[in-house]
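Q: Predicted model, plus sequence, below.
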Amino acid sequence: MNQRSRAYQGFRQQIIDARIRPGQFVSQRELMELLEMPLAAVRELVPRLEAAGLIKTVPKRGLQIASVDMKLIRNAWQVRAMVEREAVVNFARVASAETIERLIESHEAILERAIKPRPDEALERDAQAVDWGLHDQMVDAIGNEILSEIYRVNSLHVRLIRYDADSMRPVQVVPAMREHLEFLHALAARDADAALAHMMSHIEQSKHRVLAGMLRVGQDAPYRP
């Protein structure tokens with residue numbers, strides 16, 4: 001992996017780990033420190049991030065991380081629904097019984113930890129890995145690298161939005177895991193139509209949970225399609 005790719009992966013991890021806030025201003029030198037990369041690699045990275053809509057250059061102020069607004073939410077979830085609809089249809093055809101069973105087991109393990117009176121400190125990190133791991137696996141199973149890259153970039157927008165909805169995080173894991181399990185059990189039963197319906201419902205519900213979190217902290221107005 002070249003320096004530019006390593007810098008991009010480092011920036012992606014900063015978003016995943018919630019170390020970068022939506023709307024935050026950063027300089028190229030601050031990015032150097034965050035990513036532990038030389039200035040040349042950061043300078044090469046900036047055009048890629050701008051093209052992806054993850055940052056924009058503001059004269060005299062520096063680089064601004066994408067801000068969260070209703071347009072971003074609408075666009076990000078629309079892309080999710082479009083890509084994942086195709087992914088579910090394909091996954092229902094190609095996923096083996098063993099793969100589905102492993103996914104069910106990993107989700108049940110997270111759900112069991114989440115419903116305990118005192119969830120462990122690693123729960124959210126592990127839950128996100130299982131949650132996004134399922135979505136990424138389905139999209140990658142299509143075998144279209146361009147589509148996978150589009151989906152990965154859109155996922156970073158979604159994660160920025162979820163960071164703004166931080167107040168809802170403790171109550172997101174249980175419904176998300178239950179919705180995933182409904183989908184996976186439909187897959188196990190080889191009911192492709194039910195699996196698709198469950199996944200589309202999950203995507204819509206995840207959007208509403210994020211919006212509810214934003215509204216709780218007074219960050220935006222209600223979403224109206």
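A: Great, that's in hand. Numbers count the residues shown, from 1 in each chain.

Q: what about residue 61, neighbour count?
A: By other C-beta atoms under 10 Å, 9 other residues sit near residue 61. Heads up, the C-betas are built off the backbone N, CA and C, glycines and all.

Q: ok, now residue 196?
A: Residue 196 has 19 neighbouring residues, counting by other C-beta under 10 Å.

Q: And the pLDDT for it?
A: Residue 196 is assigned 98 on the pLDDT scale.

Q: Relative to the whole chain's centre, how far out is stretch 108-115?
A: 20 Å (C-alpha atoms, centre = their mean, to the nearest Å).

Q: Could I get the buried residue list for stretch 30-41?
A: 31-32, 34-35, 37, 41 (16 or more other C-beta atoms under 10 Å).

Q: Please tell me how far the residue nearest the centre of the chain sits from residue 77.
A: Nearest to the geometric centre of the chain sits residue 155, at 3.9 Å (C-alpha atoms, centre = their mean). Distance from residue 155 to residue 77, counting by C-beta to C-beta, to the nearest Å: 11 Å.

Q: got it, and residue 176?
A: Residue 176 is 15 Å from residue 77, by C-beta to C-beta.

Q: Likewise for residue 3?
A: 33 Å.

Q: Which residue of those two possesses the greater neighbour count?
A: residue 77 (22 against 14).

Q: Find the nearest non-adjacent residue to the more buried one, please.
A: Spatial nearest neighbour of residue 77, chain neighbours left out: residue 207 (4.7 Å); criterion: C-beta to C-beta, 6 or more residues apart in numbering.
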